[in-house]
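Undergrad: one predicted model, sequence on top.
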Amino acid sequence: MSDAIVIIPTYNEKENIEPIIEAVFALSNFFHVLVVDDNSPDGTAALVKKMQSVFLDKLYLLSRSAKNGLGTAYIDGFKWCLERDYDYIFEMDADFSHNPEDLVRLYQTVSTTDADVVVGSRYIKGVNVVNWPLTRILLSYGASLYVKLITGMRVQDPTAGFVCYSQKVLKAINLDEIKFIGYAFQIEMKFKAFKKGFKIVEIPIIFTDRIRGKSKMSSGIISEAIFGVISMKWNSLFNKN
């Protein structure tokens, strides 16, 4: 039984899912993998099921009936992992924008220090992003500055999606009260951990934009992040949970 599991949410990731799973299992650390698939019409889930016969008792699939957002996929994944008593639960994209080899560094940090949350940060040492247009970099980096200003968090990359949470953090957060479903979900989770006094540590990574498949970014996701942060901070002034 591993003490660490990597959640990979998917929607139409057939080009990436097999190589990303193989890359995780090739690591020296023994990670399990949970794929949370939102009924991908391209057959992503079928590929995972095929691979389960090869990676017995360490590759799992949680199939959902529809595309209901990144946030709810992770919430369902968190609950699944907590029920099975994993100590360290990781978030990672399927498209290789997060280097699977960095999982080892995140794991070492959370398991050997007093860190409760470890963030793979694009901005802790300059701007470490590959293959993004300048407008996307400015939007992302500007969003990070905006979030820090509004929330008071000192996290340099609050929108990061390459994260490890220790079990105690996810148990302390009321997952049913998480409101955001897009990339603002990443901000909200870190803010909840911050408000509860957990130690958030960032380690530098290099983020590489996807080569295969299509980005899920949309104007609605951006809007949720911009306006949601203000409401999240306002509500926190009256709600200590």
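TA: Arrived safely, thanks for sending.
Undergrad: what's stretch 74-87 in contact with?
TA: Contacts of stretch 74-87 with the rest of the structure, by CB atoms under 8 Å, 6 or more residues apart in numbering, involve 2-5, 7, 9, 32, 34, 36, 60, 62, 64, 89, 91, 111, 165-167, 170-171, 175-176, 178, 185, 189. Where C-beta positions appear, they are placed from N, C-alpha and C, glycine not excepted.
Undergrad: what residues does the nearest residue to Met92 once chain neighbours are set aside make contact with?
TA: Distances taken as CB to CB, 6 or more residues apart in numbering put His98 closest to Met92, at 4.9 Å, once the chain neighbours are dropped. For His98, the set of contacting residues under the criterion of CB under 8 Å, 6+ apart consists of Met92, Gly120, Gly161, Phe162, Ile205, Phe207.
Undergrad: related to what we said a few turns ago, filter the contacts of stretch 74-87 to the buried ones?
TA: Among these, the ones that count as buried by 16 or more other CB atoms under 10 Å are 4-5, 7, 9, 32, 34, 36, 60, 62, 64, 89, 91, 111, 165-167, 170, 178, 185, 189.
Undergrad: what ranges of the protein fall below the confidence cut-off?
TA: Within the chain, the ranges that satisfy pLDDT under 70 run 210-227, 230, 237-238, 240-241.
Undergrad: which residues of it fall in strands?
TA: Listed in chain order, the strands found in the chain under DSSP state E are 4-10, 32-37, 59-63, 88-91, 117-121, 129-130, 163-166, 200-204, 207-208.
Undergrad: distance to Asp157 added to these, as CSV?
TA: Written out in CSV, the entries for the strands of the chain read as follows (distance: least, CB to CB, whole Å):
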stretch, distance to Asp157
strand 4-10, 19
strand 32-37, 23
strand 59-63, 27
strand 88-91, 13
strand 117-121, 4
strand 129-130, 10
strand 163-166, 10
strand 200-204, 6
strand 207-208, 9
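Undergrad: my read is that Thr151 contacts Val229, right?
TA: Yes: using CB atoms under 8 Å, Thr151 is in contact with Val229, at 6.7 Å.
Undergrad: give me the common contacts of these two.
TA: Common neighbours of Thr151 and Val229 (criterion: CB under 8 Å, 6+ apart): Ile187.
Undergrad: count of residues packed around the nearest residue to Ala115 once chain neighbours are set aside?
TA: With CB to CB, 6+ apart as the measure, Val201 is the residue that lies nearest to Ala115, at 3.9 Å, once sequence neighbours are left out. In terms of burial, Val201 registers 18 neighbours under the definition other CB atoms under 10 Å.
Undergrad: what residues does Val201 make contact with?
TA: Under the criterion of CB under 8 Å, 6+ apart, the contact list for Val201 reads Thr109, Val110, Thr113, Ala115, Val117, Val118, Val119.
Undergrad: pull the most distant pair out of the residues you listed.
TA: Distance extremes for these: the farthest pair is Thr113 and Val119 at 13.4 Å, using CB to CB.
Undergrad: pull up the gap between Ile205 and Ile124, please.
TA: 9 Å (CB to CB, to the nearest Å).
Undergrad: pick out whichever of the two has more residues nearby.
TA: It is Ile205, of Ile205 and Ile124, that has more neighbours when counted by other CB under 10 Å, with 24 against 17.
Undergrad: circling back to that earlier point, of Thr113 and Val119, which one has the most company?
TA: Neighbours per residue, other CB under 10 Å: of Thr113 and Val119, the larger number sits with Val119, 26 against 11.
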